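Asker: following is a predicted model, sequence given first.
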2 protein chains.
Amino acid sequence: MNILVLGGDGYCGWPTALHLSRLGHQVGIVDNFIRRQWDYELGVETLTPIQSLHSRVAAWRECTGLSMELFVGDLCSYAFVQKVFERFTPDAVVHFAEQRSAPYSMIDREHALTTQVNNITGTLNLLFAMRDLAPDCHMVKLGTMGEYGTPNIDIEEGFIEIQHNGRKDVLPFPKQPGSFYHLSKVHDSHNIAFASKIWGLRSTDLNQGVVYGTTTDEIATDERLMNRFDYDEVWGTALNRFCAQAAIGHPLTVYGRGGQTRGFLDIRDTIRCIALAVENPPKPGEFRVFNQFTEQFNVKQLAELVSQSAASLGLKCRIDQVPDPRVEAEEHYYNAKHTKLIDLGLKPHFLSDSLLDSLLNIALRYQDRINPKVILPTVNWRQPKLASRLIERVREKEIGVVALGAGQTAS
Amino acid sequence: MNILVLGGDGYCGWPTALHLSRLGHQVGIVDNFIRRQWDYELGVETLTPIQSLHSRVAAWRECTGLSMELFVGDLCSYAFVQKVFERFTPDAVVHFAEQRSAPYSMIDREHALTTQVNNITGTLNLLFAMRDLAPDCHMVKLGTMGEYGTPNIDIEEGFIEIQHNGRKDVLPFPKQPGSFYHLSKVHDSHNIAFASKIWGLRSTDLNQGVVYGTTTDEIATDERLMNRFDYDEVWGTALNRFCAQAAIGHPLTVYGRGGQTRGFLDIRDTIRCIALAVENPPKPGEFRVFNQFTEQFNVKQLAELVSQSAASLGLKCRIDQVPDPRVEAEEHYYNAKHTKLIDLGLKPHFLSDSLLDSLLNIALRYQDRINPKVILPTVNWRQPKLASRLIERVREKEIGVVALGAGQTAS
């Protein structure tokens, strides 16, 4: 199949592109490198020294003989989207090309708007391009488990049968997203469901959990294919932050009481889930939702797992609580269904000691690249304010100049 | 109270501003006149010859001695919103200032994007302005009953208690909006709920039904205060289109089988509901949802009511079916709750013969202004395409030039 991987330079997009290429698909990568730009904006970088996308694609060709086409541009430009669709004629688009950080969206008004306008515009452009240029194409869209929030009932996969006053219907599962980023994904889901229905498009919404791990079989074949490892407060997940803290002997900082429970999965399962979704497309007009994760943990459990693994490597680390910068329940019921991808054949990699060891070893290998100043939370849900935050960091680091722009700002 | 009426030049906004002014509130009107611009774009106009906003406000002052402040600008500009908030210090904002037509949003990609980006950006700017400049201000936001779609269960007011696998929770009522416009309102509702929760803002989401009528007690005091009466396919509602068709002896055109059931209300109840919401604000942090309508009708019933009323005025009219340009259920269950505004004191004006007579008399009075070419549907949900549609109309009218722009286009 001809598969476009949108956001194919990113943490999930890059291993997905490699995996689909190795499976024999023709892969086109679309990216505008805004993610690397946002690192510059915030003064942070991936712990692992990744290559440019051009070098990565060249290395993959050298290692395997497999080519991938590169399209550099912005999905918010419809002229660009049209050109890519006309040239590549995709059978499927895997859509990772969105601003994907909750804290980034909560920095301030500009970042909230950038996130929502960027994500909605790109996805709407894709839907119109599919309708007009590739009506049989299948959109595999990355959503997030965070769309559901933490309701006091079991979370179903996208839809729930509701009995009410003696009648019943199967309706979209109610959404309670917890940041302007998570909201943008809810907006996307509604837009995609509607477009699929009225134009007969095929779509799969993957409500993904938190992804951990950096390496896949494909990435492991060559150092130049190395993946991102984000550990800072804006782009890093709790698990990555804990590993970085353990590697430099800092306490592991848990937000609030640490009872926040979420779904998690190994990046090797992410790429497998995408392949399963692509290779088993829905019917025309079908808007399908899968919950894409394999295990549930709460934040305190993660900290304890990292602490134990660190101890086995001779690292001692304390677990500290810091005030939760987010507005969220710190203890709550959580039970989310996730059987549809298993039914399609997913064999999960559960979080293991060896995986934690490998993450800690990455953190140790690159510990000189760890900037402890960027790990603790400064973005606060209750009082977003970019200027004061960045200026403070600049003062601490005694740097003289700072750019306050938001990359792409919507008015 | 100091009350800003955003979109105060519009069909609902103008009578609301007058009503709140008469009740003794200090009223500020915000508008950028994009609604009048969109009439120019489509080559349509209100049946009733309305005055400029400046003349309207001057006439109101002349008639009543009551002043209203005017702020001309775009809510998508945060600098403008800031200035208005700083100068007017609102206790409440009544937010009508959005692109409010489903067909307009379905013309093509540009119009879909304009609708969503405009509506989301304006509302987010307001939420940030409230947080930073008027944290005690109450946002009264116009949503739409169309956010719910037509589920096979009773529609509750914003939230529903769901029992599931032995547990229960009160969750947002699932949304199934039927156009890119209706989707934009769903996006707004999610954004407002979130902002209210994290910043402790007060908000009321009014899921309004289809409004009919043009006149209120305030408007009736002077011809110069006259309100809009839209009868074209893009801005006109079914009831107004039927009245215009009856007045010029055309068949009343029902979309599809005509079993589409919706909630309706008189514009005199719209302004009363707004006043009730404003004068009974929610608690800080509360996101409150009211279903704002008083009666349910289906499209065929409306056509029959107009036909009977027309007959009593000596007008004979046939009822025709045309293919439904929308993707919607043409027969369905519909039972939506609407008790919360009644509980606050609303005394409904139900749809009466005298109201229908008055609408038909307006259509007869201005029948020379009716352009029959703009009534039948050309915007189609299944195949939105501006160019062919407009070019066709231009050919029919033998006009040489047409502007294809969408007013404000988001890339």
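Answerer: Yep, that arrived.
Asker: make it CA atoms for all contacts and neighbour counts henceforth
Answerer: OK.
Asker: contacts only, for A:Ile155.
Answerer: Residues near A:Ile155 by C-alpha atoms under 8 Å, 6 or more residues apart in numbering or on different chains: A:148, A:173, A:334-337.
Asker: now do the strands in the stretch 1-150 of chain A.
Answerer: Ranges of strands within the stretch 1-150 of chain A are A:2-6, A:26-31, A:68-72, A:92-95, A:138-144, based on DSSP state E, counting those that start in this stretch.
Asker: pipe the ones you listed into TSV and attach mean pLDDT per row.
Answerer: Shown next, in TSV, are the strands of the stretch 1-150 of chain A (pLDDT from 0 to 100):
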stretch	mean pLDDT
strand A:2-6	98
strand A:26-31	98
strand A:68-72	98
strand A:92-95	98
strand A:138-144	98
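Asker: point out where the stretch 251-400 of chain A drops to low pLDDT.
Answerer: A:384-400 (pLDDT under 70).
Asker: and if we set it to 50?
Answerer: A:387-388, A:391, A:394-395, A:398-400 (pLDDT under 50).
Asker: do you know which of the strands of the stretch 1-150 of chain A lies nearest A:Phe350?
Answerer: Nearest of the strands of the stretch 1-150 of chain A to A:Phe350, taken as C-alpha to C-alpha: strand A:138-144 at 19.2 Å.
Asker: do that closest one and chain B meet at all?
Answerer: No: Strand A:138-144 does not reach chain B (C-alpha under 8 Å from any C-alpha of the partner chain); its nearest approach is 15.4 Å.
Asker: any residues touching that strand, and which ones?
Answerer: A:91-96, A:182, A:185-186, A:189, A:201-209, A:274, A:277-278, A:281-282.
Asker: what's the spacing between the residue in chain A sticking out farthest from the centre and B:Ala329?
Answerer: In terms of distance from the mean C-alpha position of chain A, A:Gly166 ranks first, at 40.5 Å (C-alpha atoms, centre = their mean). For A:Gly166, the distance to B:Ala329 equals 21 Å [C-alpha to C-alpha, to the nearest Å].
Asker: repeat that for A:Thr204.
Answerer: Distance from A:Thr204 to B:Ala329, counting by C-alpha to C-alpha: 24 Å.
Asker: between the two ends of stretch A:221-231, what distance do you get?
Answerer: OK, stretch A:221-231 end separation, C-alpha to C-alpha: 24 Å.
Asker: can you list the residues of the stretch 101-250 of chain A near chain B?
Answerer: So far as C-alpha under 8 Å from any C-alpha goes, the stretch 101-250 of chain A lies against chain B at A:109, A:113, A:117, A:121, A:124-125, A:128, A:151-154, A:162-165, A:167-169, A:171-180, A:183, A:186-187, A:190-191, A:194, A:198-199.
Asker: restricted to strands, list the residues you listed.
Answerer: A:162-164, A:167-169, A:171-172 (DSSP state E).
Asker: and which of the residues you listed is nearest A:His349?
Answerer: Nearest to A:His349 among those, with distances taken as C-alpha to C-alpha, is A:Pro172, at 29.4 Å.
Asker: isn't the closest one right up against B:Phe173?
Answerer: No: contact status for A:Pro172 versus B:Phe173: not in contact, 9.3 Å apart, counting by C-alpha atoms under 8 Å.
Asker: one step back: make JSON lines out of the strands of the stretch 1-150 of chain A and add mean neighbour count and distance to B:Ala220.
Answerer: As requested, those are exported to JSON lines (neighbours: other C-alpha atoms under 10 Å in any protein chain shown; distance: least, C-alpha to C-alpha, whole Å):
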{"stretch": "strand A:2-6", "mean neighbour count": "25", "distance to B:Ala220": "57"}
{"stretch": "strand A:26-31", "mean neighbour count": "24", "distance to B:Ala220": "58"}
{"stretch": "strand A:68-72", "mean neighbour count": "16", "distance to B:Ala220": "60"}
{"stretch": "strand A:92-95", "mean neighbour count": "24", "distance to B:Ala220": "55"}
{"stretch": "strand A:138-144", "mean neighbour count": "25", "distance to B:Ala220": "52"}
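Asker: in terms of packing, which of A:Thr204 and B:Ala329 has more residues around it?
Answerer: Higher neighbour count among A:Thr204 and B:Ala329: A:Thr204, with 26 against 16, using other C-alpha atoms under 10 Å in any protein chain shown.
Asker: not counting its own residues, what contacts the host helix or strand of the more buried one?
Answerer: If you go by DSSP states H and E, A:Thr204 is part of strand A:202-208. The contact list for strand A:202-208, computed with C-alpha under 8 Å, 6+ apart, reads A:136-147, A:189, A:192-193, A:196, A:263, A:277, A:281-293.
Asker: buried stuff in the host helix or strand of A:Val211?
Answerer: Per DSSP H and E: A:Val211 is located in strand A:210-212. Buried residues in strand A:210-212, defined by neighbour count with 16 or more other C-alpha atoms under 10 Å in any protein chain shown: A:210-212.
Asker: of all residues in chain A, which one is nearest the centre?
Answerer: Closest-to-mean residue, chain A, C-alpha atoms, centre = their mean: A:Arg100 / 5.5 Å.
Asker: contacts only, for that residue.
Answerer: The contact partners of A:Arg100, taken as C-alpha under 8 Å, 6+ apart, are A:Tyr181.
Asker: go on, A:Arg268?
Answerer: When contacts are taken as C-alpha under 8 Å, 6+ apart, A:Arg268 is in contact with A:213, A:215-216, A:349.
Asker: let's see it at 10 Å
Answerer: Going by C-alpha atoms under 10 Å, 6 or more residues apart in numbering or on different chains, A:Arg268 touches A:12, A:15-16, A:19, A:211-218, A:348-349.
Asker: which of those residues has the most neighbours?
Answerer: A:Thr16 (28 neighbours).
Asker: per-residue pLDDT, that residue?
Answerer: What the model reports as pLDDT for A:Thr16 is 98.
Asker: relative to A:Thr64, how far out is it?
Answerer: 16 Å.
Asker: for the nearest residue to A:Thr16 once chain neighbours are set aside, helix, strand, or coil?
Answerer: Residue nearest to A:Thr16 in three dimensions, not counting chain neighbours: A:Ile271, with 5.0 Å by C-alpha to C-alpha, 6 or more residues apart in numbering or on different chains. Three-state call for A:Ile271 (DSSP: H, G, I helix; E, B strand; the rest coil): helix.
Asker: ok, A:Ile271 touching A:Arg22?
Answerer: No: look at A:Ile271 against A:Arg22 with C-alpha atoms under 10 Å: they stay out of range, at 11.5 Å.
Asker: overlap in contacts of those two?
Answerer: A:Thr16.
Asker: the two: which is more packed in?
Answerer: When A:Ile271 and A:Arg22 are compared for neighbours, A:Ile271 comes out ahead with 21 against 15, by other C-alpha under 10 Å.
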